[in-house]
Every structure is written in structure tokens, then in C-alpha cells.
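The following block contains a protein sequence and its predicted model.
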There are 2 protein chains.
Amino acid sequence: MIVADRVKRVTIKDVAQAAGVSTQTVSRVMNNTSYVSIETRQRVEEVVEQLGYRPSTLARSLIQQRSYTLGVVTFGLKYIGPSRTLNGIADKADELGYMLLMKKMDNFDINRIDEVIDSLLARQVDGIIWDVPENDENRAWAQGIKSLPVPIVFMSMEPRPGYSVVSMDSYLGAQMATKHLLEQGCRQIGHISGPLDWWEARLRMQGWRDTLTKAGLQVSNKQWEQGNWSSASGAAAAEKLFARYPVMDGVFVANDQMALSVLSEACRRGIKVPDQLAVVGFDGIPESAYFYPSLTTVSQDPQLLGGQAVLSLVEMIQAQQASPNRLIETQSILVLPTLLVRESSRSVQISQ
Amino acid sequence: MIVADRVKRVTIKDVAQAAGVSTQTVSRVMNNTSYVSIETRQRVEEVVEQLGYRPSTLARSLIQQRSYTLGVVTFGLKYIGPSRTLNGIADKADELGYMLLMKKMDNFDINRIDEVIDSLLARQVDGIIWDVPENDENRAWAQGIKSLPVPIVFMSMEPRPGYSVVSMDSYLGAQMATKHLLEQGCRQIGHISGPLDWWEARLRMQGWRDTLTKAGLQVSNKQWEQGNWSSASGAAAAEKLFARYPVMDGVFVANDQMALSVLSEACRRGIKVPDQLAVVGFDGIPESAYFYPSLTTVSQDPQLLGGQAVLSLVEMIQAQQASPNRLIETQSILVLPTLLVRESSRSVQISQ
DNA sequence: TGCTAACATGTTATCGATAACATATGTTAT
DNA sequence: ATAACATATGTTATCGATAACATGTTAGCA
């Protein structure tokens, strides 16, 4: 099938010529800078309308040295969390008049890091949002990033002085979850963690461990298993944990996908949730309210998180614009999670 | 906290000067066009390395009239499906050396459509992927889009001559699901649809209806409910359907999120799945294997779908590059779904 | 020896816009 | 009446790169 298209791009010159003015005047009309007489303005606007002229942001970016575009580097887009964050980023960027240039990372190949950053810089992004979970490999890189020509905001990374970081307080969330289980009467509380080279997974685990210790309970290695965030890994972990730690009466799972598998596995074995086993997840994905039983979970708002990152970044960009040679002030933001109490942990009978 | 940064951008001029050659020669070294002597090449490369020079894609885009950037317009990024598709798009784009300029739509405001397209064109994208579900409002728009200066590929839209469309065969998928339920012995088969102004939702419903009719079964309005893809709407729809159509022994649900709610609701009411009620979902999200019971579902591969869209688009771009004045050939691609049979429908006893 | 082709490099024009500067007229204030 | 300013518009330089063209070697071959 053949389509009829190929419309030549209309440039500022075409408009200028058609309106009988200089390109500068057209530019003035478009941007409302400086003076233009009413008649001229009208004439130009008519021509613009008639020819369907749209200024090339590209050319403008070149001369103005800014593109009104933000670079976003994401990881694990196929998972719900990161894509909800991206959604939040997109919303806020839109609101503030920025577009997003997207790049995705799939592994932590340290060589690709520079390549990715370069490809963004080559397109003149005004700033970068780095939403790649911190692990041992890229930590080193982040340390040495001081000298980019544009501001950068990190997400899901440990806050450190000199960097702008926006992340959720996973440690607090884990404490809330574990404390809640204690309050429901659980005394044998297990944990299924995320991959422990992720900073956030370590934090969640630490929050669980510390809370138990503070409550005077012993924590041994048989009480936890490591997963990789996926439901599949959650199922495997649950199986092992049930076998190894049968007295478990509560479990804190590091994300909702894995918690789903715990619920299913419990169901399959005839373990009653929450009566015999209370379950608390993490993330607060919308579906968690419709698990059976509905899942108690630590809710974070990725939408908000993403928006916050954009705000921080744009602030830095504007500060830099205002005084190009001044050093930029960085700030770290910790967003607080909330606990959504649902059926999977409610009204547990005191076991023990 | 204060960070030390602000590194001036290195331009081709800096390199040329430092190496004692013209900018043209630097350009030749970078792009490997034309002849450069070994000594000069080496000297330039050293300087490039030393100064950390990266060519500005922006400037190159301007002169070459192409940006190696694709515009992507998505809808409902917060849902799993669209973001998995985006993931597929990102992967393939990366593989082919393109970047993505992302824009998201949240509603079908027809005025925003032009604005969105314009903002992409102003940045010189080489082509556009339009992944916004077709509904009554934007259908009209799609009809009149013939005259863009760049190729465009539509997703999740009804194939029509003269347009490049990449979508999944929802109708076939729905047929497969319904047929499978029939084969399991179900005779009272209900349906929970997506929002019916979505083309794909209508197709899935039609596939269900046609299959039943073809099997000689009556289809009445009490047998189906409309949802909006969310688990919440699925729960509400399930409730109504159970009340209104109690003899139902099988149900085809238009996506997995809603199917999750059906499983939960059934569990809550003591309806045994699959013995009393067989359930089939749609999408094949990874979690569906860990629902309880695990969900039979029509699996589509959004990764593949997204990749296919990029391939189509890039082909069109290259065709246009090769012969700028030739009309572009369009093609539509229908990706086939597969049925994943799991516990929620397996070995149903013949009811009726 | 002289001519052509391959090699090597530089100069100028260009992409589409805005910045910086220049110029011309009308208006206001002193 | 004239400086000082606001209004209105045009001209030239510029952003960072590549295209198109020009020029100068060197090598190979008739």
C-alpha cells in the first residue's frame, strides 16, 4: 500500500519571505521578545498559520545551548515499579515543559554507563535522571561522576553528600512492616529479600533485622531467603522457607510480586493467611488489593517519587542557568512510605 | 551541599585547534569518511581522547536533517502492558542505534494530539511510534494524518490500508480462549470486557461472542460485564456477574489484572476454580503464573510487538532516505498470540 | 616526461534558529 | 529644541557540525 506524504518542512525563512519581513521579526513574533507592531505581528501570524510553521526546537537548542529535554536512564522497565516511576517522571516533565530522552540499561556493564551518558549529552539534554538501582559495580561510577556538564539526579541510590538523590525510605518501610507484624502477635517472623547487591534490598532486610533485634528477638539465617523481585523467585524462596522454618507465623516480603507467590504457596499448602501466617509485602502495586487475601503492604508512590526527581532536577537546571559559574547546590530527598493494612495480616491470633 | 562541576563542552573546533588541523579533518576522523593519513588520524584521536571530545548529535542532526531519534507516544504507562511494550521498543531502538524521545498521553484530548506530534517533529525525530489505543475520538485524527513529514507506525489500532500498523491479533486470541473453555466442557461462558471504546476490547469481546455463536450457543447480555482493565473494575464486574449469571461455569476475562480479581472473588465465595468455574485471562503477565490457582491466559509478547514496531518504522525511514521523493510503502503486521494453559482452566469436570 | 587517479587536507556554504548589534522613526522630558 | 528613550525592524555573527567544492601531493602508468 502506498501513502501520500512527504511534506517539506516549513522554516523561518519561508515565513519571513511570505510575510515580507526578516527572519528576526518572525522570531520576535514567535517568542514575544522585543517590540513588533500590531500589523506586522498579525501578518506574520497569519502566514504562520497558513503555512503551518513550527519552529525547530533543534536549531533553537543549538544556539541557546539548552534543549528543554531531560535524559532519563531506567533499569528494568518491564517491571511495574520502574515503569510507574517513569510515568511519574513523564507527567512532571510534561507539566514543566520538558521532553524526555529515554535510554534503558539492562545490565550493569560499567562500560556502557559512559556510552549512555555520552549519548544523552551529545543531544544536549539539560539534565539527567539516573534511575538505575545502586549495586556494587555502578557505585564506583557514581562516585566519580562529579564532572558532568549538566546536573544529575539519582534515584534508588544511597544519599551521599554532594549528590542529589531522590529515594524512598526503604529502611523505615521495613521497620513499619516488621513492627506491624510484631503488633499482630507474630513472633517468628521471616523475610524474603530482593537481590542483596541492590541497596534497597539490603535496606529492607536491615530494617527487618533491626526491628526484630530491638524487640529482643533472635534473628538467624534460616529465617530468610533471597529472591530477585520476580514472582518466580518468590515462589522458590517461599518453598524453601516453609521447609526450613516451619514455625514461621509472619513474613515480610521485599516486594509485592514475591508476596503474591507466598500467598499462593501458602494456599497450596493449606496454611491459613493471616491466621497461621501473616504476610506483608512492599510497593503497594494496585493489584495487591485484589490478591487473595488482599495484601498488607508498604506503599510507596513511584509517581510522586518520579515527580520529585524531576522537580529537583529542574531546580538545579534553573539555578545553573541563573548563574552559570556558581556551584550547584545539591539536595537529597527521602520520600516516606505508608503502611496499607489489609486482610493478609489483620487480626492475627496470638500464636506462640 | 556544594558540588564541583561545570565542565565546558568540548567542540570540534577545540579538537581541530589542539591537533593543528581543520575541523573537517576531525570530522573525517570521527566518521571515517574520506581519506586521512595515519599520522593525522592518530594525532586527532589522541586529542579527542585527551579532551574527552564527543560530537554533538544535535548539530549533526541539524545539518543532516536526521536525528537518529524516534518519537514514541504512549498511553497508560502505569499499566503493565504498555510499559512492557515500551520496553520492547527501547530494546530494539537501542539495537538499531536510535534513541527515544518520549511523550505520554493521558486522555484523548484531540487538541493535544497535534501539539504532541508537533513537539516531536520540532525535535527532528526520524519517525514516530503511536502507541495510543484507538478509540472513537482519535480514530478521526488517524484518518487525517496522511501528511506528516516523517513515517509513523501505529500500534493497538485497527489495520487499515495506507497505514503501517503493528498489533496483536486480539480477535484470534479471544477465539482461542473461548474455544479452550468449550473444550474443557464449559457451556455457560461469561466475559468481562475492557472499556468498549477501545478497539482491542471490542475485538476480544467479538471473538468471544462469535465463538460461542458458532458453537451453537446463545449469547445474552447478562453474560458479560464491562471493566476498565484495572483489578478494581474486575472485582466489581465479577461481583455483578456472579450475581446475575450464577450458572456460569467458565469466564473469559479481557486482561490478567481483572482475571486476578475474578479468582479472588471466586475464592471468597467458595467457588472452586477450575472445577466450578474455569477462568481464562489475557496478556500473559509474568505474575499470572503465580496467581492461585495459576491463570490460563492468552499470552502476547509486548516485547516482540514493540520491537516489531521499531523494525517497521526504521525500514520506512530507510526507504525514505534512499529515495526521498518516492512514496513510502506501508505494511501492517498482526502478531499471533499463544494460549498458556494453566490450573485455572485445566481438567474441568463436565458441568451442565 | 607528463597525465590521471588515489590520497590528503583545507575553505566556504549550510542546516534553522537566536544573539548581538545597528539603524530609523516617533515620543517624551527638560 | 534637543537629548534621551521607547518603538520597530533589519543585518551580521553564531551555535557545532557536515556537505560541497577546491587544492595540493604522491604514485602509477602510458
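Received it, and whenever you're ready, just let me know what you need.

helices and strands around the helix ranked longest in chain A, which ones?
Of all segments of type helix in chain A, defined using DSSP state H, the longest is helix A:302-322. Contacts of helix A:302-322 with other secondary structure elements, assessed using 3 or more Cβ pairs under 8 Å, 6 or more residues apart in numbering or on different chains; DSSP states H and E, are made with helix A:80-95, strand A:127-131, strand A:152-155, strand A:164-168, strand A:328-329, strand A:332-335. For the C-beta atoms, the positions are set from N, CA and C on the backbone; glycine is no exception.

The third one near chain B at all?
Okay, so that is strand A:152-155. No - using Cβ under 8 Å from any Cβ of the partner chain as the criterion, no contacts between strand A:152-155 and chain B are found, and the smallest distance is 9.2 Å.

for the stretch 201-350 of chain A, what spans make up the helices?
Shown for the stretch 201-350 of chain A, the helices assigned by DSSP state H, counting those that start in this stretch span residues A:231-244, A:256-269, A:302-322.

most neighbours per residue, which of those?
Among the helices of the stretch 201-350 of chain A, judged by mean count of other Cβ atoms under 10 Å in any protein chain shown, the one packed with the most neighbours on average is helix A:256-269 (a mean of 24).

about what we covered before: would a markdown table of the helices of the stretch 201-350 of chain A with mean pLDDT be doable?
Conversion of these to a markdown table gives the following (pLDDT from 0 to 100):
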| stretch | mean pLDDT |
| --- | --- |
| helix A:231-244 | 97 |
| helix A:256-269 | 96 |
| helix A:302-322 | 93 |
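
ok, the nearest residue to A:P82 once chain neighbours are set aside to A:Q300 distance?
Sequence neighbours aside, A:G76 is the residue nearest to A:P82 in space, at 4.9 Å (criterion: Cβ to Cβ, 6 or more residues apart in numbering or on different chains). Computed as Cβ to Cβ, to the nearest Å, the A:G76 to A:Q300 distance reads 15 Å.

What of A:K104?
Taken as Cβ to Cβ, the spacing of A:K104 relative to A:Q300 amounts to 21 Å.

again, but for A:A236
Here the distance between A:A236 and A:Q300 works out to 25 Å (Cβ to Cβ).

ok, which residues in the stretch 201-350 of chain A are in contact with chain B?
With Cβ under 8 Å from any Cβ as the criterion, the stretch 201-350 of chain A meets chain B at residues A:230-232, A:234-235, A:257, A:260-261, A:263-264, A:267-268, A:286-287, A:289-292, A:294, A:303, A:320, A:324-325, A:327-331.

quick one: the residue nearest to the spatial centre of chain A from DNA strand D, how far?
With distances taken as Cα atoms, centre = their mean, chain A has A:T85 as the residue nearest its mean C-alpha position (3.5 Å). Counting by Cβ to the nearest atom of the strand, to the nearest Å, the gap between A:T85 and DNA strand D amounts to 32 Å.

One more: A:T69?
With Cβ to the nearest atom of the strand as the criterion, A:T69 and DNA strand D are 15 Å apart.

does that residue really touch A:Q124, like I thought?
Yes - taking contact to mean Cβ atoms under 8 Å, the distance of 7.1 Å between A:T69 and A:Q124 places them in contact.

which residues do the two both contact?
Between them, A:T69 and A:Q124 have A:S61 as joint contacts when contacts are counted by Cβ atoms under 8 Å, 6 or more residues apart in numbering or on different chains.

returning to that earlier point: quick check, distance from the longest helix of chain A to the centre of its chain.
13 Å (Cα atoms, centre = their mean, to the nearest Å).

go on, stretch A:115-132?
Per Cα atoms, centre = their mean, the centroid offset for stretch A:115-132 relative to its chain is 16 Å.

and the closest residue to DNA strand D within the stretch 51-200 of chain A, which of the three is it?
Nearest to DNA strand D, among the residues of the stretch 51-200 of chain A, is A:I63, at 3.4 Å (Cβ to the nearest atom of the strand). Here A:I63 is recorded as helix under DSSP: H, G, I helix; E, B strand; the rest coil.

Nearest approach to A:M157 belongs to which of the helices of the stretch 201-350 of chain A?
Of all the helices of the stretch 201-350 of chain A, it is helix A:302-322 that lies closest to A:M157, at 11.1 Å by Cβ to Cβ.

who's in contact with that closest one?
Identification of contacts with helix A:302-322 by Cβ under 8 Å, 6+ apart yields A:66, A:70, A:81-82, A:84-93, A:96, A:98, A:126-129, A:131, A:150-153, A:155, A:164, A:166-168, A:326, A:328-331, A:333, A:335, B:6, B:78.

let's see it at 7 Å
Helix A:302-322 is touched from outside by A:70, A:81, A:84-89, A:91-93, A:96, A:126-127, A:129, A:151, A:153, A:155, A:164, A:166, A:168, A:328-329, A:331, A:333, A:335, with contacts defined as Cβ atoms under 7 Å, 6 or more residues apart in numbering or on different chains.

Any regions of the stretch 101-250 of chain A where pLDDT drops low?
Within the stretch 101-250 of chain A, the stretches falling below the threshold (pLDDT under 70) are A:144-146.

let's see it at 80
Screening the stretch 101-250 of chain A residue by residue with the criterion pLDDT under 80, one finds the ranges A:107-111, A:135-147.

For DNA strand C, give me its nearest residue in it.
With Cβ to the nearest atom of the strand as the measure, A:Q124 is the residue of the stretch 101-250 of chain A nearest to DNA strand C, at 11.7 Å.

and A:R187, what are its phi and psi?
Note on A:R187: backbone dihedrals following degrees, to the nearest 10 are phi -130, psi -20.

Could you measure from it over to A:V219?
Here the distance between A:R187 and A:V219 works out to 12 Å (Cβ to Cβ).

Which residues of chain A lie near DNA strand C?
When proximity is defined as Cβ under 7 Å from any atom of the strand, chain A approaches DNA strand C at A:9, A:11-13, A:23-24, A:26-27, A:30-31, A:33, A:54-56, A:58-60, A:62-64.

A:A215 against A:L181, yeah?
No - A:A215 is beyond contact range of A:L181, at 10.2 Å (criterion: Cβ atoms under 7 Å).

Tell me which of those two has more neighbours.
Here A:A215 and A:L181 are set side by side on neighbour count (other Cβ atoms under 10 Å in any protein chain shown), and the busier one is A:L181, at 28 against 12.

Leaving out the residues flanking it, which one is nearest to that one?
In this structure, A:L181 finds its nearest non-sequential neighbour in A:G250, 4.0 Å apart by Cβ to Cβ, 6+ apart.
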